[in-house]
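A.B. asks: sequence plus the predicted model coming up.
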Amino acid sequence: PTAAMAFSGKYEFEGDENYDAFVQKIGLPSDKVEMGRNCKIVTEVVQNGNDFTWTQHFPGGRTTTNTFTVGKEADMETMGGKRFKATVKMEDGKLVADFPNYRHTSEICGGKLVEISTSSGVVYKRTSKKIA
């Protein structure tokens, strides 16, 4: 399998850094801030070549799914539930997407899903361990 095929799996939230500074920077509503804090989000990634289905399962049964093809514009949804269009790129084995007010990268590092969101110099890092 190529490096690009390495994303498929289920990952459970393990830890994050800079959450509060980041959600303030992107203006996330306070109810969403509390909901996302140390939230045991399970991220499920199904990858077929350059086609991805990226689902986040939140405690309590809410899910968010983004479906995209690397290099093609897709309809996406932000952490706060806003819809927007983005083109996800593959750079050095990382998935890179420009959200309306932050840049998001995802990579598999040592079997973990590492997601980094950057907004005006504030870097939010979320790590999830593979569970399936």
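C.D. replies: Alright, I've got the coordinates. Numbering: from 1, shown residues only.
A.B. asks: what are the buried residues along the helix or strand of the chain with the lowest mean pLDDT?
C.D. replies: In the chain, no helix or strand scores lower on mean pLDDT, DSSP states H and E than helix 30-36, which sits at a mean of 83. Within helix 30-36, the residues that count as buried by 16 or more other CB atoms under 10 Å are 33, 36. Where you see a C-beta, it was placed from the backbone N, CA and C, and this is true even at glycine.
A.B. asks: which is the next helix or strand following it?
C.D. replies: Counting by DSSP states H and E, the next helix or strand C-terminal to helix 30-36 is strand 42-48.
A.B. asks: mind listing the residues bridging to the residue most central in space within the chain?
C.D. replies: The chain has Glu115 as the residue nearest its centroid, 5.8 Å off, counting by CA atoms, centre = their mean. In this entry, Glu115 is beta-bridged to Ser106, Arg126, by DSSP bridges.
A.B. asks: Met35 and Gly93, how far apart?
C.D. replies: 31 Å (CB to CB, to the nearest Å).
A.B. asks: and for Ser128?
C.D. replies: Distance from Ser128 to Gly93, by CB to CB: 17 Å.
A.B. asks: more neighbours, these two?
C.D. replies: Ser128 (23 against 13; other CB atoms under 10 Å).
A.B. asks: list the contacts for that one?
C.D. replies: 11-14, 41-43, 112-113, 115 (CB atoms under 8 Å, 6 or more residues apart in numbering).
A.B. asks: likewise for Ser117?
C.D. replies: Counting by CB under 8 Å, 6+ apart, Ser117 makes contact with 22, 99, 102-105, 123-124, 126.
A.B. asks: hey, where'd the strands end up in the chain?
C.D. replies: 9-17, 42-48, 51-57, 63-69, 73-77, 83-87, 89-91, 94-98, 103-109, 112-119, 122-130 (DSSP state E).
A.B. asks: now the last one: mean pLDDT?
C.D. replies: Strand 122-130 shows an average pLDDT of 96 in the prediction.
A.B. asks: please consider this matter closed, and thank you.
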